[in-house]
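Student: Need a 3D model of the sequence below.
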Amino acid sequence: MASEFDPKHKPSAQNPEFEEQTWVEGTKRTGAILAVLSFAVFWSLRAVALTGGDSDQWCREIEQGLWWRKRQMLSFALMQLNYQWTHFLWQWDGRLAINLTSCMAGAAFVYGTWGLLGGEKRRWTALALVYTAGFMQLFFGHLETYACPMACMIFFLLAVRRYLLGQTRAIAVAGIYSLGIFFHLIFWFLFPLFAVMLWHSPERQRDARQFLYGLLPAVILTIWMFIDPYFGFGEMIGDRFMPLWRVEVGMKKHYAFFSWTHIFDWLWFIWNACHLQIFVVIIGIACKKLRRGKWQNILLAATLCFLIFTWIWHPDAKRLDWDLFSFIGLPIALMAVEVASQNNKRLWHTAIAITILISACFLMTKVIGAARLGARGEGMVIVQPAPDNRADISIIALDGHSKSREIHHVLEGAHEIRIYLKFNERVYRYDTCFELNPDQVITITVPDPEMNGLPSSAGPVPSIDE
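Tutor: Here you go, the predicted model:
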């Protein structure tokens, strides 16, 4: 019996996997051009507002020199690497370094998506369905760590599709998956995809061994982070799962598993991740427009995995944690591509075009809001002691972020600064607020602490949060 991986085996057009067998990868040159152009778009509309979640904390930790965080080790390391060289060259802060990392991940995602969809008959429609989904906001300089694992995910899915056609070895697929674990531990929720791939494999024992070899780095890293509290910063899992029936006093939970609020937020997270593409998939499944094949089974399994994740994981910041739950948008958008390619009627194409247009409007509304267009100018702040100041300046904290005496790339608007001084074995604190205009340079002169009656205390300099 001919194997599906046998080049002599030519499926008929009536085979539901015919298009899957004849899938062609997009050209690398065009993908590289699109990646460069997309980076320019992402950077020009990069986010400047710290819009909740962990963005403010990440900026602090990047500027403090932290390299490794347990749940997102490689993502954090890339942000720190970008901070090191951009701060050395142009005095960029943590915010701009994270912006750069997210936009670079976006360019990589565009390149990978072109490889996956660039050979489709209706490739521009397919790309538009993906690029207007809600999760794309991650790549517009979003101040978080999720852009890198999302970019890695598209390359993982690209490797899976190659594997299903016998174009890539199983160990390569598992290796990219392990890389995804290094970017973010959320990749573990996609582990059931290996069972689906083995189900479709003609050489299950061989591929199972290769999967095991490729997964070893991820397994070792995860176990190491669990047993060694000093390897990487932060917690591994923590108290992230929801209580079943009710929220007890002191639980630091917003709602229980079986509650209407949880259901509403769960549906909102799905909507926010993929926009109208979810309705394309629902209609396609109801009308039997989603083909049944190996690739489609992978997408269905990935969607189910992330549906379970969004259902059981507790959003500590409520809807501000939308970025953590945005991963479900990618397999749904790719399933929408599969549905859109199964109907040649003009009315259907018109409906898909309207879907893309409305989704693009939803996406750009969020992107422009985070970019603060028209209010994103930058200035500079210089801190210096007054001529009669006898104290030593120990810590300068701008909006809670530790800074040097020359602070570059400060956003326009209102800010507060706290300065700790040390004199005669006492610590003094000087607080002030200021309004910064674009391209303005403000000099803050710190007065003598004793002559001006600044509040003081004995002992060491406190942390900037005190």
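
Student: what ranges do the strands span in the stretch 301-450 of the chain?
Tutor: Counting by DSSP state E, counting those that start in this stretch, the stretch 301-450 of the chain has strands at residues 378-385, 392-398, 401-403, 406-411, 413-423, 426-436, 441-446.

Student: Walk me through which strands the third one pairs with, and which way each runs.
Tutor: Strand 401-403 has the following sheet partners, assigned by DSSP bridges: strand 392-398 (antiparallel).

Student: The first one too?
Tutor: On the basis of DSSP bridges, the sheet neighbours of strand 378-385 come out as strand 406-411 (antiparallel), strand 441-446 (parallel).

Student: can you give me the offset of that strand from its chain's centre?
Tutor: Averaging C-alpha positions (C-alpha atoms, centre = their mean, to the nearest Å) puts strand 378-385 32 Å from its chain's average.

Student: show me the contacts for the spatially most central residue of the chain.
Tutor: Note on the chain: the residue nearest the mean C-alpha position is Y146, at 1.8 Å, using C-alpha atoms, centre = their mean. Taking C-beta atoms under 8 Å, 6 or more residues apart in numbering as the criterion, Y146 is in contact with 75, 138, 184, 323-324, 326-327. Every residue, glycine included, has its C-beta placed from N, CA and C.

Student: 6 Å - rerun?
Tutor: Counting by C-beta atoms under 6 Å, 6 or more residues apart in numbering, Y146 makes contact with 138, 323.

Student: Could you do G329 as well?
Tutor: For G329, the contacting residues are 133-135, 273-274, taking C-beta under 6 Å, 6+ apart as the criterion.

Student: looking at those, which has the most residues close by?
Tutor: Scoring the contacts of G329 on neighbours with other C-beta atoms under 10 Å, the highest-scoring entry is C274 at 29 neighbours.

Student: thinking it is in contact with I332, fair?
Tutor: Yes - shown here, C274 and I332 form a contact pair, counting by C-beta atoms under 6 Å, at 4.4 Å.

Student: measure the residue nearest to the centre of the chain to C305 for me?
Tutor: Noted for Y146: a distance of 16 Å to C305, by C-beta to C-beta, to the nearest Å.

Student: Point out where the stretch 1-150 of the chain drops to low pLDDT.
Tutor: Residues of the stretch 1-150 of the chain that meet the criterion pLDDT under 70 lie in 1-21, 51-53.

Student: So which residues of it form strands?
Tutor: If DSSP E, counting those that start in this stretch is used as the criterion, the stretch 1-150 of the chain turns out to lack strands entirely.

Student: List the residues that contact D207.
Tutor: Applying C-beta under 6 Å, 6+ apart, one finds that D207 lies in contact with 170, 201.

Student: So for W90, what's the nearest residue that isn't a sequence neighbour?
Tutor: Counting by C-beta to C-beta, 6 or more residues apart in numbering, the nearest residue to W90 once its immediate chain neighbours are dropped is H408, at 7.6 Å.

Student: what does G175 give?
Tutor: The spatial neighbour of G175 that comes closest, neighbours along the chain excluded (C-beta to C-beta, 6+ apart), is G214 at 4.4 Å.

Student: Could you list the residues in contact with the one helix or strand W266 maps to?
Tutor: Element membership of W266, judged by DSSP states H and E, is helix 260-274. Defining contact as C-beta under 6 Å, 6+ apart, one finds that helix 260-274 is touched by 133-135, 255, 310-311, 322, 325-326, 328-329, 332-333.

Student: Can you lay out the contacts of G329 as TSV showing distance to E63?
Tutor: Supplementary listing: those in TSV, determined by distance: C-beta to C-beta, whole Å:
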residue	distance to E63
A133	32
G134	29
F135	27
A273	30
C274	34
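
Student: rewinding a little: out of the contacts of helix 260-274, who's nearest I444?
Tutor: Ranked by distance to I444 (C-beta to C-beta), those are led by W322 at 36.6 Å.

Student: ok, which stretches of the stretch 251-400 of the chain are helices?
Tutor: Per DSSP state H, counting those that start in this stretch, the stretch 251-400 of the chain carries helices over the ranges 260-274, 277-286, 294-312, 329-340, 346-371.

Student: Buried residues, the first one. List them.
Tutor: When you say that, I think you mean helix 260-274. Buried residues in helix 260-274, counting neighbours by 16 or more other C-beta atoms under 10 Å, are found at 262, 265-266, 269-274.

Student: which one of those residues is nearest N343?
Tutor: When the buried residues of helix 260-274 are compared for distance to N343 (C-beta to C-beta), C274 comes out closest, at 19.6 Å.

Student: And the closest one, how far from L50?
Tutor: 25 Å.

Student: What of M451?
Tutor: 36 Å.

Student: More neighbours: the two, which one.
Tutor: L50 (17 against 11).

Student: Identify the residues contacting L143.
Tutor: Residues in contact with L143, defined by C-beta under 6 Å, 6+ apart, are 47, 55, 98.
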